[in-house]
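**Student:** the sequence and its predicted three-dimensional model are supplied below.
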Amino acid sequence: MISMKPNLPISAPPEQFVGGPLGIASEESAGGGISVRQIISILRSYWIPSLASVVVLIAIMFGAIKMLPKVYVATATLMFNYENKDVLANRDFPSGPGGTYIPTQIELITSRVVLQPVVDRLKLTTDKEFVRGFMGTPAALEEIVTNNLHDSLTVTPGTGGQLLYIAMPAKLPERAAEIANAVANEYLKQQRERTNQPAVERAERYSKQLDELRGKAIQAQDRVTEFRQQHGLTESVVSDAGDTEAADLHDLQNKLEAAKNQRRELEAHQLAGDSSSEAVLETGSVPALRATITTLEGQMAQERATLGPKHPKVLELESQMAAAKRALANEVQSIAASSSVQLARARDLETKYQTALDAERARVLDRRGLQDQGSKLLLELQSAQANYKKALDGYDQVMFATAGNYTDVSLISRADPPAKPTKPNKMKLFVMSCAASLGFGIVWPFAYELLFNRRLRCRDDMERSFGIPVLAEFGPTPALQG
């Protein structure tokens, strides 16, 4: 049965025809690529297979994404304190330490030094996620597991420069948190050991040196005590007795000099040898006796002028004069004898003073020698005691600082098992797969049409490929129904 709908030709719109002779023009010389009309005609011809391919691909990708294993990422946070300086370890950060310090710590955290103990403690060599089917020797297995842990672990610094994030992915949230916390704890443990170990070693050396100083102080004290006992010193080795001894020695020297002067004076008198010398005449009762004799002589001269030589008064005066002269002679002789005795005494006294002075000088010199030797021992004792006291005063501070457990890094937050998986982002992957499926569904008809099944579907195929101008276009012819 033939349709009664009119199917009249439509005149083709005028176009600028560019082509060669009939049947000779090629697609390469026909124009600039595929036209919009050709694109629409190809899509109209393959829209059902294209849509089916898009739906099938989306279903396949949805199933694949649905089957992807979930990955949970647990993160532990560390913070560094650059202002914390350990006086025992003599650590002092330079200006701007984050530029080199943080990268060094990141490298240290991801090194075998930290990861190897974590592998041993958590027995990761038996975890299939880290073994990944390796069947080698135990040593090689441990190395492979450590490398896999290194590749999985992520350590990133914070924006402020003091925070450090240790992130660990795993299929189970508890396992991810356990490994992240184990890495953080192992790093903190080693960091404390590196920080405090120099202080502990210094404290041990300090204790040994303190024992040596104590032994030296005891030895110095023993030498001082032995020196005192050996020389019978009851007072201090170095005392103020030196001033008294010097005063006594000076006093003996003055007395000796006075005795010498007295002896020289007596010797001078004795050398004069003259009883009428001025020194003798002016000594004792001699002046009185001389005055008496002079008076009697004056009286005698007066009496003789008036009285005879036998007169009793004259005789009495003569008797008195004779008695006075005898007394004067006796007095002079007594003074002369006394001068000899005094000279002998003066010489004896000078000798005694000289002997005492020599003995005192020898004693002072001997004592000064002992004092010098004792001063040396005492100086050694004081120096040993001062060094020991100074070391003992700082010992408590050293021991307190050793037990202070200094550290410049602390754990801010432990890694908690994450409630949601971090990877993969299935919604994002699904959207990307939908876009990729749609793109594939659009692209494959053109590839198939242009490379495998080239067909004439519109006037552009005639004009651009064969150079045949199209005068009119007919719409779709309805199928005949019998």
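**Tutor:** Noted; the coordinates are in hand.
**Student:** so after the helix or strand harbouring Glu226, what's the next helix or strand?
**Tutor:** Element membership of Glu226 [criterion: DSSP states H and E] is helix 173-231. Next helix or strand after helix 173-231 toward the C-terminus (DSSP H and E): helix 241-272.
**Student:** which elements pack onto that next one?
**Tutor:** helix 278-281, helix 312-402 (3 or more Cβ pairs under 8 Å, 6 or more residues apart in numbering; DSSP states H and E). Quick note: C-beta positions are derived from backbone N, CA and C, even for glycine.
**Student:** just give me how far that helix sits from the chain centre.
**Tutor:** 71 Å (Cα atoms, centre = their mean, to the nearest Å).
**Student:** same question, stretch 410-428
**Tutor:** Centre to centre, stretch against its chain (Cα atoms, centre = their mean), the figure for stretch 410-428 is 39 Å.
**Student:** with only the CA atoms kept, save it in CSV.
**Tutor:** Output in CSV follows, covering the C-alpha atoms of stretch 410-428 (Å, rounded to 0.1, in the frame of the first residue of the first chain):
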residue,chain,number,x,y,z
SER,A,410,55.7,16.5,70.8
LEU,A,411,52.7,14.5,69.7
ILE,A,412,49.8,16.8,69.2
SER,A,413,47.1,14.3,68.2
ARG,A,414,47.2,10.5,67.8
ALA,A,415,45.8,8.9,64.7
ASP,A,416,42.2,7.8,65.2
PRO,A,417,40.6,5.2,63.0
PRO,A,418,38.8,7.2,60.3
ALA,A,419,35.1,6.8,60.0
LYS,A,420,35.0,7.2,56.2
PRO,A,421,37.3,6.0,53.5
THR,A,422,39.5,8.6,52.0
LYS,A,423,40.2,6.7,48.7
PRO,A,424,38.7,6.1,46.2
ASN,A,425,36.3,8.9,45.6
LYS,A,426,33.7,6.7,44.0
MET,A,427,31.3,9.6,43.1
LYS,A,428,34.1,11.4,41.3
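**Student:** quick check: domain ranges of the protein?
**Tutor:** 10-66+442-473, 241-402 (automatic domain parsing).
**Student:** possible to save those as a markdown table with mean neighbour count?
**Tutor:** Shown next, in a markdown table, are these (neighbours: other Cβ atoms under 10 Å):
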| stretch | mean neighbour count |
| --- | --- |
| domain 10-66+442-473 | 14 |
| domain 241-402 | 14 |
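**Student:** these: lowest mean pLDDT?
**Tutor:** The weakest mean pLDDT among those belongs to domain 10-66+442-473, with a mean of 71.
**Student:** in terms of secondary structure, what does the helix holding Glu226 contact?
**Tutor:** strand 72-80, helix 98-109, helix 112-122, strand 163-170, helix 312-402, strand 409-413.
**Student:** turn the ones you listed into TSV, columns for distance to Arg202.
**Tutor:** Shown next, in TSV, are these (distance: least, Cβ to Cβ, whole Å):
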stretch	distance to Arg202
strand 72-80	24
helix 98-109	23
helix 112-122	24
strand 163-170	29
helix 312-402	7
strand 409-413	21
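**Student:** which ones are touching the nearest residue to Met79 once chain neighbours are set aside?
**Tutor:** Once flanking residues are discounted, Met79 sits nearest to Ile412: 4.8 Å by Cβ to Cβ, 6 or more residues apart in numbering. Neighbouring residues of Ile412 by Cβ atoms under 8 Å, 6 or more residues apart in numbering: Thr77, Leu78, Met79, Leu163.
**Student:** for Gln105, state which of those is nearest.
**Tutor:** Among these, Leu78 lies closest to Gln105 (Cβ to Cβ), at 8.4 Å.
**Student:** show residues contacting stretch 444-451.
**Tutor:** Ile34, Ile39, Ile42, Leu43, Ser45, Tyr46, Pro49, Ser50, Ser53, Arg455.
**Student:** how much space separates the third one from Ile34?
**Tutor:** Ile42 sits 8 Å away from Ile34, going by Cβ to Cβ, to the nearest Å.
**Student:** do the fourth one as well
**Tutor:** Leu43 sits at a distance of 12 Å from Ile34 (criterion: Cβ to Cβ).
**Student:** sorry, back to before: which of the helices and strands packed on helix 173-231 sits closest to Gln229?
**Tutor:** helix 312-402 (12.1 Å).
**Student:** the closest one to helix 241-272, inter-axis angle?
**Tutor:** If you take axes from the mean of the first three to the mean of the last three Cα atoms, to 10 degrees, helix 312-402 sits at 160 degrees to helix 241-272.
**Student:** roughly how far out does helix 312-402 sit from the chain middle?
**Tutor:** Counting by Cα atoms, centre = their mean, helix 312-402 comes out at 65 Å from the chain centroid.
**Student:** cool, stretch 61-80 as well?
**Tutor:** 43 Å.
**Student:** same check on stretch 141-153?
**Tutor:** Distance, centroid of stretch 141-153 to centroid of chain: 36 Å (Cα atoms, centre = their mean).
**Student:** rounded mean pLDDT for that stretch, please.
**Tutor:** Stretch 141-153 comes out at a mean pLDDT of 90.
**Student:** run through who's touching that stretch.
**Tutor:** Looking at what lies outside stretch 141-153 - Cβ under 8 Å, 6+ apart - the contacts are 109-110, 112, 115-116, 118-119, 124-125, 127, 130-132, 134, 136, 166-170, 179, 183.
**Student:** just the buried ones from those residues, in ChimeraX syntax?
**Tutor:** Per 16 or more other Cβ atoms under 10 Å, the buried members of these correspond to this ChimeraX selection:
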select :109,110,115,116,118,119,124,125,127,130,166,167,168,169,170,179,183
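**Student:** Thr104: neighbour count?
**Tutor:** Thr104 has 10 neighbouring residues, counting by other Cβ atoms under 10 Å.
**Student:** could you check how far it is from Leu164?
**Tutor:** Taking Cβ to Cβ, one finds Thr104 at 11 Å from Leu164.
**Student:** cool, and Leu172?
**Tutor:** With Cβ to Cβ as the criterion, Leu172 and Leu164 are 24 Å apart.
**Student:** next one: Arg459
**Tutor:** Counting by Cβ to Cβ, the gap from Arg459 to Leu164 is 69 Å.
**Student:** repeat that for Phe440.
**Tutor:** For Phe440, the distance to Leu164 - Cβ to Cβ - is 44 Å.
**Student:** and these two? which has more neighbours close in?
**Tutor:** Applying other Cβ under 10 Å to Phe440 and Leu164 shows that Leu164 carries more neighbours, namely 22 against 13.
**Student:** chain neighbours aside, what residue packs nearest to that one?
**Tutor:** Here the residue nearest Leu164, using Cβ to Cβ, 6+ apart, is Leu78, at 4.4 Å.
**Student:** and that neighbour, bridged to which residues?
**Tutor:** Counting by DSSP bridges, Leu78 forms beta bridges with Leu164, Leu411.
**Student:** wait, isn't it in contact with Val409?
**Tutor:** Yes - between Leu78 and Val409 there is a contact at 5.6 Å, judged by Cβ atoms under 8 Å.
**Student:** overlap in contacts, those two.
**Tutor:** Common neighbours of Leu78 and Val409 (Cβ under 8 Å, 6+ apart) are Tyr187, Leu188.
**Student:** who's more crowded, the two?
**Tutor:** Leu78 (23 against 19).
**Student:** got the contact list for the more buried one?
**Tutor:** Leu163, Leu164, Tyr165, Ile166, Ala184, Tyr187, Leu188, Val409, Ser410, Leu411, Ile412.
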